[in-house]
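Colleague: would you be able to build a 3D model of this:
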Amino acid sequence: MAFGKMLFGAGVGVQTGRAFAGPRRLVGLLALCAMLPVLSACSRSAEPAATSAPAAQSAPAPAPAASPLSVTSVEPLTLTAEGGRLTMKGTVATEIVKSQLAQEAAAIYGADKVVNQLNVDPAAVAPAWLPQANTLMVWLKPGAPLSVSGDASYITLSGTVPSTAEQIERVRWASEFFGSSVSVNNDLKVGAAGK
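Modeller: Numbering: from 1, shown residues only. Here you go, the predicted structure:
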């Protein structure tokens, strides 16, 4: 079953034998997952107050900690198709997401043609397009080496396409697929693959 269909219940009621049941339940689950880092940060006890010391001898205040929802410290997702093989790199929030992406890739490319280099970090924020990653995997499969890399706010298309017409079509499709809230950067080159 496609990753997006499993997560979103294909838009209809409960799927038997699955952990997720319909879009409402998923929205609640995703909201809860997004809040877990914030809630765990709130439950930590405050640092004990420093003993009074002369101001000249006190250490400088530590830099503020990054937000637990910050994506600056996690590697963006990258899907690269080349020679019938798919390589997945970047950071996802859970082992479940990592496993599901690997299953989707194996269904499309074959288990022996998927290189899963995904890392897991609970601070990773899933981009809105992640449930449709299987569509992106299929889109990358045919033709010359192509790569999509990015997060919730930007995507970079790179690789080689055989013609300007295909370059324009790939950028148009990506812009529609990711939507207006995601900036699509075109680093596609026109020419023969490997040059």
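Colleague: give me the three-state assignment for the nearest residue in space to Thr78 that is not next to it in sequence.
Modeller: Sequence neighbours aside, Ser149 is the residue nearest to Thr78 in space, at 4.0 Å (criterion: CB to CB, 6 or more residues apart in numbering). In this view, the C-beta of every residue, glycine as well, is placed from N, C-alpha and C. Assigned with DSSP: H, G, I helix; E, B strand; the rest coil, Ser149 falls in the strand class.
Colleague: tell me the contacts of the nearest residue to Gly159 once chain neighbours are set aside?
Modeller: Distance criterion CB to CB, 6+ apart; nearest residue to Gly159, sequence neighbours excluded, is Leu146 at 3.8 Å. Residues in contact with Leu146, defined by CB atoms under 8 Å, 6 or more residues apart in numbering, are 80-82, 140, 157-161, 170, 188.
Colleague: most neighbours, which of the residues you listed?
Modeller: Within those, Ala81 tops the neighbour count with 26 neighbours, counted by other CB atoms under 10 Å.
Colleague: check the secondary structure at that one for me.
Modeller: strand.
Colleague: that one contacts Leu136, correct?
Modeller: No: using CB atoms under 8 Å, Ala81 is not in contact with Leu136; the gap is 9.8 Å.
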